[in-house]
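Peer 1: What follows is a protein structure lacking sequence information:
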């Protein structure tokens, strides 16, 4: 009886398979918000964060940034109005990859995931020390990244995208 019980337990342990479940972690909280322009303007729309071999790219809806205090939080839907793209690269990626007139050939993109849902939230305040400057805080909410194979990225630690400033 003990041998039969041991065999049943052994078969259950061997037959259990987690399906190679992988939970990806995307964490850009410590990465700085970057952009290609020498100075951000209300017409700037592409912002990104770099984390070694990863990039999180925000292509912001045109006209959302305004040199005026927002009445609450402005919302831009993903992917219908703004787009979030997550990329992994073959090697460390630098700002020049996105900003050079002729992009470098390396590193190469290993994986690219476009967000399938969520919102970009923008709150604008007037700078207290320079009244011609406006500070735009950008947050991400409910961003849904799904790989081509259907695997959802579940640990998404990117709620605070960063703050940019524009001047009148």
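Peer 2: It's in. From a predicted model like this one, the values you see are computed outputs, not experimental measurements.
Peer 1: where does the protein have low pLDDT?
Peer 2: In the predicted model, the chain carries pLDDT under 70 at residues 1-25, 154-158.
Peer 1: again, only this time at 80
Peer 2: Along the chain, the parts satisfying pLDDT under 80 run over 1-27, 152-159.
Peer 1: Tell me which residue is most central in it.
Peer 2: Within the chain, the residue whose C-alpha comes closest to the C-alpha centroid is residue 56; the distance, by Cα atoms, centre = their mean, is 4.0 Å.
Peer 1: Over to that residue: give its phi and psi.
Peer 2: Here is the backbone geometry of residue 56 (degrees, to the nearest 10): phi -120, psi 120.
Peer 1: ok, it touching residue 84?
Peer 2: Yes: checked against Cβ atoms under 8 Å, the pair residue 56 and residue 84 is within contact range at 7.1 Å. In this view, the C-beta of every residue, glycine as well, is placed from N, C-alpha and C.
Peer 1: residues near the residue nearest to residue 30 when sequence neighbours are not counted, how many?
Peer 2: The shortest distance from residue 30 to any non-neighbouring residue, by Cβ to Cβ, 6 or more residues apart in numbering, is to residue 51 (7.8 Å). Residue 51: 17 surrounding residues under other Cβ atoms under 10 Å.
Peer 1: OK, contacts around residue 51?
Peer 2: Listed by Cβ atoms under 8 Å, 6 or more residues apart in numbering, the contact set of residue 51 reads 27-28, 30-31.
Peer 1: Pull the contacting residues for the closest residue to residue 89 other than its chain neighbours.
Peer 2: Of all residues beyond its chain neighbours, the one nearest residue 89 is residue 107 (4.0 Å), with distances taken as Cβ to Cβ, 6+ apart. Residues counted as contacts of residue 107 (Cβ under 8 Å, 6+ apart) are 53, 89-93, 97.
Peer 1: Now do the buried residues in the longest strand seen in the chain.
Peer 2: The longest strand of the chain (DSSP state E) is strand 109-126. Residues of strand 109-126 classed as buried under the neighbour-count rule (16 or more other Cβ atoms under 10 Å) are 113, 115, 118-122, 124.
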